[in-house]
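Novice: below is the sequence, then the predicted model.
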Number of protein chains: 2
Amino acid sequence: MPSATEKLAQRQRQVQSRLCIGLDPDERLLPAVLRRGEPQPWKRFLREITAATAPFACAYKLNLVFYEQFGFDGWRLLEDTLATLPAESTVILDGKYGDVPHTAELAARTVFERLGVDAVTVNPLLGADSVAPFLSYPDRLIFVLARTSNAGAQDFLALRCEGGLPLYIHVITSSLHWPRRAELGFVVGATAPEDFAAVRTLAPYTWLLVPGVGTQGGDISTILAINGEAPLLVNVGRSILYASSDSNFAEAAAHAAAAFARSVSLPLGGM
Amino acid sequence: MPSATEKLAQRQRQVQSRLCIGLDPDERLLPAVLRRGEPQPWKRFLREITAATAPFACAYKLNLVFYEQFGFDGWRLLEDTLATLPAESTVILDGKYGDVPHTAELAARTVFERLGVDAVTVNPLLGADSVAPFLSYPDRLIFVLARTSNAGAQDFLALRCEGGLPLYIHVITSSLHWPRRAELGFVVGATAPEDFAAVRTLAPYTWLLVPGVGTQGGDISTILAINGEAPLLVNVGRSILYASSDSNFAEAAAHAAAAFARSVSLPLGGM
């Protein structure tokens, strides 16, 4: 079996794009046509969206919070959706896990052994031993939150710490030295290009997962110019999933995905 | 309806203790008697444990990771367990939530409107706007992770930042000024008494939730001496839940809970 990063690079070459699609069910945005009489509207919606967008996406990212809004039905939806994703697509569980070691071990076992995903996001606040159980899984890909796309990233992640460097830089320089069998990546928002550039300088060969494009307003062309040919994933969610609220929702999502895929196409000579 | 902190203070007076019990199903520790032939062993285990320990605990804390190990069955177990907890007990969902505002809003709605818990834990790394949706719920209690009980708390939470103060102190001084309608509390581990003292000095009237006692080895008598009569919750999990692996597991849990409850009894004149 290829490692998560080999699988990801291979799929990027196949679809010629660095597009990751955020598969997050949002009650306020469900197409009206599915609201009427469909017993499991989200199951059908996500199945049709993934079938329609698979040719344009190298990866799918599922945020646990959006599934848990439906309680146990949401977890069933999550497991159903994971089962229908194309085997070639990299699947990222966006759980933003961060807990003490005993609990982190259990979370890592759940995501990698029960759910069987390729990659996961983790919150590094609790330090090395909270991330170690994830990093101990060979061939998986662990995205550590470094510089998130929200305004609140200024509050602590940008705080100047020892050596006058912001916290997110400490997160990166420390975690690059943590023992691991998995691959390490970082989450870096598109909304702060200067910070993205700082991360890219420190970690020139590391996979970066970039949210904050589309609805959140990040400018992707600047990010792409800074990034060059280094390994990159650009996540777009709502702008693709909810491109139309009519019965053509899947077709509209495919069109939106195709356009985003072109805007983050694989660079010549990349990968 | 009383606020979460009024309810908590009232229950502490009723049971004369500051004991919070961590209700975390741990597969490796399930009593053997329940392994044999019980179709839903955890449902029965948690029901019997809470019935037996309710007279000694003012609160129960449920860590989402331990329920999610069972997938959708785990979410059903979570909702079943929440439904059987005594109405007078404060229920803390230990979700350690930390996400961008749009997602955090959804998480807050899930925990407070769907699950209906009194209190929640949040990870502050993503800053004010990631916690704001939780803080906007009146009468609930939001425990912000400040100084966790694991060794990794040294990596970033103890990092010296602007003004030469460690990050966890920045978290506390900042979050005390965040706009809110909910009550604010902090999670501070028992494993670092000097840091606990620093937090108590900065936040003399704030509820502190203290994990790391029991299995994790924190010394509670030192913490109690530092804390005095200020509002406090001490969480104990495994040492109570898995006090016996025989058929007397509930009785053994009650004995362990009674002993821990006495060790963190309500101070004379407190509350």
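Specialist: The structure has been received and is ready for your questions. Bear in mind that the values here come from a model prediction, so they are computed numbers and not experimental data.
Novice: please make it C-alpha for all contacts and neighbour counts, starting now.
Specialist: Fine.
Novice: I figured residue A:257 was touching residue A:56, is that so?
Specialist: Yes - counting by CA atoms under 8 Å, residue A:257 sits close enough to residue A:56 to count as a contact (6.1 Å).
Novice: and the residue positioned nearest the centre of chain A, how far from chain B?
Specialist: The centroid of chain A falls nearest to residue A:61 when counting by CA atoms, centre = their mean (4.4 Å). Going from residue A:61 to chain B by CA to the nearest CA, to the nearest Å gives 14 Å.
Novice: now do residue A:98
Specialist: Taking CA to the nearest CA as the measure, residue A:98 and chain B are separated by 7 Å.
Novice: give me the nearest residue to that residue, chain neighbours excluded.
Specialist: In this structure, residue A:98 finds its nearest non-sequential neighbour in residue A:123, 5.0 Å apart by CA to CA, 6 or more residues apart in numbering or on different chains.
Novice: shouldn't the one you found be in contact with residue A:97?
Specialist: Yes - at 5.5 Å, residue A:123 and residue A:97 qualify as touching, with contact defined as CA under 8 Å.
Novice: which one's more surrounded, these two?
Specialist: Neighbours were tallied for residue A:123 and for residue A:97 using other CA atoms under 10 Å in any protein chain shown; the higher tally belongs to residue A:97 (28 against 25).
Novice: OK, contacts around the more buried one?
Specialist: By CA atoms under 8 Å, 6 or more residues apart in numbering or on different chains, residue A:97 lies in contact with A:104, A:107, A:121-123.
Novice: let's go with 10 Å and repeat that
Specialist: A:103-104, A:107-108, A:120-126, A:130-131, A:134, A:144-145, B:65, B:95-98, B:123 (CA atoms under 10 Å, 6 or more residues apart in numbering or on different chains).
Novice: picking that back up, common neighbours of residue A:257 and residue A:56, please.
Specialist: A:19-21.
Novice: format the residues you listed as a markdown table; extra columns: secondary structure, distance to chain B and pLDDT.
Specialist: Output for the shared contacts of residue A:257 and residue A:56, formatted as a markdown table (DSSP: H, G, I helix; E, B strand; the rest coil; distance: CA to the nearest CA, whole Å; pLDDT from 0 to 100):
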| residue | secondary structure | distance to chain B | pLDDT |
| --- | --- | --- | --- |
| A:19 | strand | 20 | 98 |
| A:20 | strand | 18 | 98 |
| A:21 | strand | 16 | 98 |
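Novice: so what does the host helix or strand of residue A:253 touch, helix or strand wise?
Specialist: Using DSSP states H and E, residue A:253 maps to helix A:249-263. For helix A:249-263, the elements it packs on are strand A:19-22, helix A:32-35, helix A:41-53, helix A:220-227, strand A:232-236, helix A:238-241, judged by 3 or more CA pairs under 10 Å, 6 or more residues apart in numbering or on different chains; DSSP states H and E.
Novice: what about residue A:255, how many neighbours?
Specialist: By other CA under 10 Å, neighbour count at residue A:255 equals 17.
Novice: wait, what's in contact with it?
Specialist: Counting by CA under 10 Å, 6+ apart, residue A:255 makes contact with A:52-53, A:56, A:240, A:243, A:249, A:261.
Novice: if I look at residue A:108, how far off is residue B:184?
Specialist: 30 Å (CA to CA, to the nearest Å).
Novice: same check, this time on residue A:136
Specialist: Separation of residue A:136 from residue B:184 (CA to CA): 35 Å.
Novice: which of the two has more residues huddled nearby?
Specialist: Set side by side, residue A:136 and residue B:184 show more neighbours around residue B:184, with 21 against 16, by other CA under 10 Å.
Novice: not counting sequence-adjacent ones, nearest residue to the more buried one?
Specialist: Leaving aside its sequence neighbours, residue B:184 sits nearest to residue B:142 (CA to CA, 6+ apart; 5.0 Å).
Novice: three-state assignment of that neighbour?
Specialist: Counting by DSSP: H, G, I helix; E, B strand; the rest coil, the backbone at residue B:142 sits in strand.
Novice: what is the burial count for it?
Specialist: Neighbours of residue B:142 using other CA under 10 Å come to 26.
Novice: swap in residue A:116?
Specialist: For residue A:116, the neighbour count with other CA under 10 Å is 16.
Novice: how about residue A:156?
Specialist: Neighbour number of residue A:156 under other CA under 10 Å is 23.
Novice: check contacts around the one residue in the stretch 151-271 of chain A that gets nearest to chain B.
Specialist: Per CA to the nearest CA, residue A:161 is where the stretch 151-271 of chain A lies closest to chain B, at 3.7 Å. Residues near residue A:161 by CA under 10 Å, 6+ apart: A:167-170, B:156, B:159-167.
Novice: how far off centre is the lowest-mean-pLDDT helix or strand in chain A?
Specialist: Sorting the helices and strands of chain A by mean pLDDT, DSSP states H and E puts helix A:32-35 at the bottom, at a mean of 87. Distance of helix A:32-35 from its chain centroid, counting by CA atoms, centre = their mean, to the nearest Å, is 27 Å.
Novice: repeat for stretch A:181-201
Specialist: Stretch A:181-201 sits 13 Å away from the centroid of its parent chain (CA atoms, centre = their mean).
Novice: would you map the strands across chain A?
Specialist: A:19-22, A:59-63, A:90-97, A:119-122, A:141-147, A:160-161, A:165-166, A:183-188, A:207-210, A:232-236 (DSSP state E).
Novice: what lines up beside the third one in the sheet?
Specialist: Translated: strand A:90-97. Strand A:90-97 pairs in its sheet with strand A:59-63 (parallel), strand A:119-122 (parallel), by DSSP bridges.
Novice: so what's the closest residue to residue A:172 other than its chain neighbours up against?
Specialist: Distances taken as CA to CA, 6+ apart put residue A:146 closest to residue A:172, at 6.8 Å, once the chain neighbours are dropped. Residues near residue A:146 by CA under 10 Å, 6+ apart: A:122-125, A:153, A:157-158, A:167-172, A:185-189, A:195-196, A:199, A:208, B:125-126.
Novice: let me know whether the residue nearest to the centre of chain A touches residue A:96 as I believe.
Specialist: No - judged on CA atoms under 10 Å, residue A:61 makes no contact with residue A:96 at a distance of 11.9 Å.
Novice: joint contacts of those two?
Specialist: With CA under 10 Å, 6+ apart, residue A:61 and residue A:96 have common neighbours A:120-121.
Novice: do you know the pLDDT at the closest residue to residue A:46 other than its chain neighbours?
Specialist: Leaving out its chain neighbours, the residue that sits closest to residue A:46 by CA to CA, 6+ apart is residue A:81, at 6.9 Å. At residue A:81, the predicted lDDT confidence score is 96.
Novice: just residue A:173 next, same as before
Specialist: 97.
Novice: pretty sure it sits against residue A:199.
Specialist: Yes - counting by CA under 10 Å, residue A:173 does reach residue A:199; the two are 9.4 Å apart.
Novice: could you check which of these two is surrounded by more residues?
Specialist: Under the criterion of other CA under 10 Å, the comparison of residue A:173 against residue A:199 puts residue A:199 first, with 23 against 14.
Novice: what residues does the stretch 151-271 of chain A have near chain B?
Specialist: Contact residues, the stretch 151-271 of chain A versus chain B (CA under 10 Å from any CA of the partner chain): A:151-168, A:170-171, A:174-175, A:212, A:216.
Novice: filter those down to the buried ones and hand me the PyMOL line.
Specialist: This is the PyMOL syntax for the buried subset of those, where burial follows 16 or more other CA atoms under 10 Å in any protein chain shown:
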select buried, chain A and resi 151+152+153+154+155+156+157+158+159+160+161+166+167+168+170+171+175+212+216
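Novice: inside helices: which ones of the residues of the stretch 151-271 of chain A next to chain B?
Specialist: Of those, the ones assigned to helices by DSSP state H are A:167-168, A:170-171, A:174-175.
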